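Trainee: when you get a sec, could you give me coordinates for this:
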Amino acid sequence: MSRSYEEEFFEVFARKDSDDALQHVGSVKAPSSDIAITRAWYVYDQHPWSEMCLVPLAAVIPITERSKRVKIKPI
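Mentor: Predicted coordinates:
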């Protein structure tokens, strides 16, 4: 019996040092935040990050310079 899981995109932010600002380093697709955490550490391990943060893409509210909402297209 196979199970199908709905996956969602998570935007990944990271910093190398606690004094650094968070920077967007990419995105991962996963069925849960726990798996997204694992995937983010695995995919974006090219730097010795001190911290990573994940944000579900659905929680991002994009705006333009004129404060108009735009639609985000997942990769």
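Trainee: helix, strand, or coil at residue 36?
Mentor: helix (DSSP: H, G, I helix; E, B strand; the rest coil).
Trainee: residues contacting it?
Mentor: 10, 28, 30, 54 (Cβ atoms under 8 Å, 6 or more residues apart in numbering). To be clear about C-beta, it is placed using only N, CA and C from the backbone, and glycine gets the same treatment.
Trainee: how close does residue 54 sit to residue 62?
Mentor: As defined by Cβ to Cβ, to the nearest Å, residue 54 lies at a distance of 17 Å from residue 62.
Trainee: do the same with residue 51
Mentor: Distance from residue 51 to residue 62, by Cβ to Cβ: 24 Å.
Trainee: again, but for residue 56
Mentor: In terms of Cβ to Cβ, residue 56 sits 14 Å off from residue 62.
Trainee: who's more crowded, these two?
Mentor: Set residue 56 next to residue 62 and count neighbours by other Cβ atoms under 10 Å: residue 56 wins out with 13 against 10.
Trainee: and the more buried one, what's its pLDDT?
Mentor: Looking at residue 56, its pLDDT reads 96.
Trainee: got it, and residue 13?
Mentor: pLDDT, residue 13: 97.
Trainee: quick one: contacts for it?
Mentor: 22-25, 52-55.
Trainee: assumed residue 39 was part of a helix.
Mentor: Yes. The assignment for residue 39 is a helix, going by three-state DSSP.
Trainee: now do the strands in the protein.
Mentor: 8-15, 23-30, 51-56 (DSSP state E).
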